[in-house]
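Q: below is the sequence, then the predicted model.
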Amino acid sequence: MPGGRLTQQERQQIALGLGDGLAYAEIARRLDRPTSTITREVMRNGGPTAYRADLAHRATERRAHRRRQAVPRGSEAPAQAHGRDAEAVREYEETFTTLLMGQGLPKMMARVLTCLYTTDEGSLTASELVQRLQVSPASVSKAISFLESQGLVARRRDEGRRERYVADDDVWYQSMMASARGAAQLAETARQGVGVLGPGTPAAVRLENISRFVDFVSESIARAADQARGVLHTKPETASESSA
């Protein structure tokens, strides 16, 4: 499987594949590339309906040029912990960010969340996020505020009373439960509409169907979140405990 950056010819093949309605996996197979490479390329260059090979190629060249300018001459990239490949880490972070963007997160919010997920420390201060992402403090502050409002990030204070941001397992649980509560509220509002519009009328039947569907989904989310939390937060038995 070839490595390295996509060529302009490969980008043209991606554009043709999208125009023919091919799935990312099929385009990747034809180019002998990972599916994640094609997904990331398309999502950060306009998405499947707006992707243009020439524009994507120029945008990639501009990003590479900016990265070269950001690194002073003679300096080396900081060493990665645990012997990690710095380029592989960067590519993975771009893949994860692209995935989050595809699920609806704005780019800066997705970058901040990816940074929190992939740090060994498990949490970062605002200044550390600014340094790692090379963005303004205002951009980080705005992203954190948004992520907090969505229940995806929590604030903690370390021993030095510094405020740190963390995205841990419990944050995901709380986010899922908030989603379930929002769905339950939608179901209840739809049920109220049945009485207002008159039971048995076409509009009321529609709202009743919405209510029943969303009720089922919200209950399933809450039940699954509770079950997953119980499993993930339960420590596995040791060999001695299981044999006792």
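A: Here it is on my side, so go on. Not measured: the values here are computed from a predicted model.
Q: can you spell out which helices and strands pack onto the helix or strand that residue 88 is a member of?
A: Residue 88 belongs to helix 86-102 when assigned by DSSP states H and E. If you count contacts as 3 or more Cβ pairs under 8 Å, 6 or more residues apart in numbering; DSSP states H and E, helix 86-102 packs onto helix 35-43, helix 107-117. C-beta here means a position set from N, CA and C on the backbone, and glycine is covered the same way.
Q: okay, buried residues for it please.
A: By 16 or more other Cβ atoms under 10 Å, the buried positions in helix 86-102 come out as 92, 93, 94, 95, 96, 97, 98, 99, 100, 101.
Q: quick revisit: and the helices and strands packed on helix 86-102, which one's lowest on average pLDDT?
A: Looking at those, the lowest mean pLDDT belongs to helix 35-43 (a mean of 86).
Q: what angle sits between that helix and helix 86-102?
A: 60 degrees (axes from the mean of the first three to the mean of the last three Cα atoms, to 10 degrees).
Q: flag every buried residue along helix 35-43.
A: 36, 37, 38, 39, 40, 41, 42, 43.
Q: identify all contacting residues around that helix.
A: Identification of contacts with helix 35-43 by Cβ atoms under 8 Å, 6 or more residues apart in numbering yields 6, 11, 14, 18, 24-25, 27-28, 31, 48, 51, 56, 94-95, 98-99, 101-102.
Q: top helix in the protein by residue count?
A: In the chain, taking DSSP state H as the definition, the longest helix is helix 202-232.
Q: and that one, what other elements does it pack with?
A: Checking 3+ Cβ pairs under 8 Å, 6+ apart, helix 202-232 ends up next to helix 169-197.
Q: gap between the helix it packs on and the chain center?
A: Counting by Cα atoms, centre = their mean, to the nearest Å, helix 169-197 is centred 22 Å from the centre of its parent chain.
Q: show the average pLDDT along that helix.
A: Mean predicted confidence for helix 169-197 is 88.
Q: can you tell me the centre-most residue of the chain?
A: In the chain, the residue lying closest to the centroid (Cα atoms, centre = their mean) is residue 100, at 2.2 Å.
Q: so what's residue 107 up against?
A: 97, 101.
Q: rerun at 7 Å
A: Taking Cβ atoms under 7 Å, 6 or more residues apart in numbering, we find residue 107 in contact with residue 101.
Q: wait, is residue 120 part of a helix?
A: No - judged by DSSP: H, G, I helix; E, B strand; the rest coil, residue 120 forms no part of a helix; its state is coil.
Q: per-residue confidence for it?
A: 87.
Q: was I right to think it contacts residue 89?
A: No - the pair residue 120 / residue 89 is not scored as a contact, 11.4 Å apart, by Cβ atoms under 7 Å.
Q: contacting residues for residue 180?
A: Counted by Cβ under 7 Å, 6+ apart, residue 180 has contacts 218, 221, 222.
Q: how far away is it from residue 173?
A: Separation of residue 180 from residue 173 (Cβ to Cβ, to the nearest Å): 11 Å.
Q: likewise for residue 220?
A: 15 Å.
Q: more crowded one of those two?
A: Set residue 220 next to residue 173 and count neighbours by other Cβ atoms under 10 Å: residue 173 wins out with 17 against 12.
Q: doesn't residue 225 make contact with that one?
A: Yes - with contact defined as Cβ under 7 Å, residue 173 reaches residue 225; the gap is 5.6 Å.
Q: how is this structure divided into domains?
A: Following automatic domain parsing, the chain resolves into domains at 8-66, 85-166, 169-232.
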